[in-house]
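Student: kindly generate the corresponding structure for this input.
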Amino acid sequence: MTIAAAPSAPSATAVPLLQVDDLGVRFSSRDLDISVVNGVSFSLDRGQVLCLLGESGSGKSVTLRALMRLFPETARLSGRIVIDGVDVLALPPHEMRKVRGGLVSMIFQEPMTAFDPVFTIGTQIAETIVHHDGVSYRDAGRRALELLELVQVPSAKRRLAAYPHELSGGLRQRAMIALALACRPKLLLADEPTTALDATVQIQVLLLLRELQRELGMATIFVTHDLGVACEIADRVAVMYAGRFVETGAIADIMDHPSHPYTQGLLRSTVHGGMRGEALDPIPGAPPDLADLPPGCSFAPRCAAAREVCVSGPPDLFPSGPGQAARCLQYQPGLRFDATPALKAS
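Tutor: Prediction:
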């Protein structure tokens, strides 16, 4: 398999590979109408890695699946998603099937449920290549072998004939990566691909993903709730809470100088090697019910810095540092935030 060299850093005038504007995802049923993603906007350059951080239920995985329109008909998507010039939300279903796996591909959180249990690994990878590239099954089989070797699967030729249940968790995850890379996508989506793995295998898979991303020059969006994973793989970070981005910036800036109180709380409540004998400092309360969001800032009920003005309306993203932005009224120009009465976090 020919591996393309990683592209050079994009210029200031380069068109982003991915542009998302005011993305909304709403699920409706007879008894419930809930907005899971609310006005998410961002762009991603070629070869760049964006990491989505946040607690479970913050909308990270839903945002990823929205980029591929992997939802039932009851879901309503709004806004605009453009991938390499393709308006994803405007495509009819049969055209969208050509985009999935070709232009954009996804590594799912649990490969055991992503693979079909009645077909071998090699058959499933080859079938994807035949469908998108129109090559013969013989050529697709050769490429499937090259892909398993690329992701460092031992005894790759023998593993082609294996069924998903015959592989260990780590090997299944590597096979899932091989399947995602089968048609050389320009955008790779990774939905917590190392969560089900033990620590040693997790590190191996993370290093492999970063190496492949650089060699193939793919743009990548990586979903996780693990700050250590974000530091290992990301160029930029977007912190999500209650379906919105609450802070964005370069990974080093976010880790060294977090702006939003939620990001600060995530860092304080993270366990690391130097904390032996110390008590954790968790974020008080629990994430809000997306069907009944609090007024104003969704994080205000849990925020020690909250003021009465925080419940007046949802804040915008304001510049909070060089290359950083935070959805917090502390950074709204002209607002005397400290002069307003404080709220008590729950």
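Student: just give the nearest non-adjacent residue to residue 51, would you?
Tutor: residue 234 (3.5 Å; CB to CB, 6 or more residues apart in numbering). Where C-beta positions appear, they are placed from N, C-alpha and C, glycine not excepted.
Student: apologies, that question was intended for residue 307.
Tutor: Closest residue to residue 307 apart from its sequence neighbours, by CB to CB, 6+ apart: residue 340 at 4.0 Å.
Student: ok, that neighbour to residue 317 distance?
Tutor: Here residue 340 is placed at a distance of 20 Å from residue 317 (CB to CB, to the nearest Å).
Student: what ranges do the strands span in the stretch 101-250 of the chain?
Tutor: Under the criterion DSSP state E, counting those that start in this stretch, the stretch 101-250 of the chain carries strands at the ranges 104-107, 187-191, 219-223, 236-241, 244-250.
Student: of these, which approaches residue 44 most closely?
Tutor: Distances from residue 44 to each of these were compared using CB to CB; the shortest belongs to strand 219-223, at 5.0 Å.
Student: alpha carbons of the closest one, as CSV, please.
Tutor: Output in CSV follows, covering the C-alpha atoms of strand 219-223 (Å, rounded to 0.1, in the frame of the first residue of the first chain):
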residue,chain,number,x,y,z
ALA,A,219,-7.5,15.1,9.8
THR,A,220,-8.8,13.3,13.0
ILE,A,221,-11.5,14.0,15.6
PHE,A,222,-10.9,12.0,18.7
VAL,A,223,-13.6,11.6,21.4
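Student: sheet partners, orientation included, of that strand?
Tutor: strand 49-53 (parallel), strand 187-191 (parallel) (DSSP bridges).
Student: gap between it and the chain center?
Tutor: From the chain centre to the centre of strand 219-223 is a distance of 5 Å (CA atoms, centre = their mean, to the nearest Å).
Student: mind checking the pLDDT average for it?
Tutor: Taken as a whole, strand 219-223 has an average pLDDT of 93.
Student: what sits up against it?
Tutor: Around strand 219-223, the neighbours that count as contacts under CB atoms under 8 Å, 6 or more residues apart in numbering are 17-18, 44-52, 60-61, 64, 67, 186-192, 209, 213, 229-230, 233-234.
Student: so which elements touch the helix or strand harbouring residue 67?
Tutor: In this structure, residue 67 sits in helix 60-68 according to DSSP states H and E. Helices and strands touching helix 60-68, by 3 or more CB pairs under 8 Å, 6 or more residues apart in numbering; DSSP states H and E, are strand 18-28, strand 33-44, strand 49-53, strand 75-83, strand 104-107, strand 187-191, strand 219-223.
Student: distance from the chain centre to that helix, please.
Tutor: Taking the mean C-alpha point of helix 60-68 and that of its whole chain, the gap between them comes to 8 Å (CA atoms, centre = their mean).
Student: and what of stretch 221-232?
Tutor: In terms of CA atoms, centre = their mean, the centre of stretch 221-232 is found 9 Å from the chain centre.
Student: same check on stretch 220-237?
Tutor: Relative to the mean C-alpha coordinate of its chain, stretch 220-237 is positioned 8 Å out (CA atoms, centre = their mean).
Student: what's the span of that stretch, first residue to last?
Tutor: The first and last residues of stretch 220-237 sit 12 Å apart, counting by CA to CA, to the nearest Å.
Student: tell me the centre residue of the chain?
Tutor: The C-alpha lying nearest the average C-alpha coordinate of the chain belongs to residue 223 (CA atoms, centre = their mean; 3.1 Å).
Student: could you pull out the buried residues of the top helix by length along the chain?
Tutor: Residue-count comparison of every helix in the chain, with assignments taken from DSSP state H, identifies helix 199-216 as the longest. Within helix 199-216, the residues that count as buried by 16 or more other CB atoms under 10 Å are 201, 202, 204, 205, 206, 208, 209, 210, 212, 213, 216.
Student: now stretch 236-254
Tutor: 236-251, 253-254.
Student: next one: stretch 188-197 to chain centre, how far?
Tutor: Mean C-alpha position of stretch 188-197 versus that of the full chain (CA atoms, centre = their mean) differs by 9 Å.
Student: neighbour-wise, which of residue 340 and residue 317 wins?
Tutor: A count of neighbours by other CB atoms under 10 Å puts residue 317 above the other of residue 340 and residue 317, at 19 against 15.
Student: number of residues surrounding the closest residue to the more buried one other than its chain neighbours?
Tutor: Leaving out its chain neighbours, the residue that sits closest to residue 317 by CB to CB, 6+ apart is residue 325, at 4.4 Å. Other residues near residue 325 number 20, with proximity taken as other CB under 10 Å.
Student: point out where the protein drops to low pLDDT.
Tutor: The model of the chain has pLDDT under 70 over residues 1-13, 196, 272-275, 344-346.
Student: what residues are bridge-paired with residue 26?
Tutor: For residue 26, the beta-bridge partners are residue 35, residue 76 (DSSP bridges).
Student: surely it is in contact with residue 35?
Tutor: Yes. Counting by CB atoms under 8 Å, a contact exists between residue 26 and residue 35, whose distance comes to 4.7 Å.
Student: between those two, tell me which one has more neighbours.
Tutor: Comparing residue 26 with residue 35 by neighbour count (other CB under 10 Å), the higher total belongs to residue 35, at 19 against 16.
Student: separation between the more buried one and residue 66?
Tutor: Between residue 35 and residue 66 the distance is 12 Å, computed by CB to CB.
Student: please apply the same query to residue 90.
Tutor: From residue 90 over to residue 66 the distance is 14 Å, taken as CB to CB.
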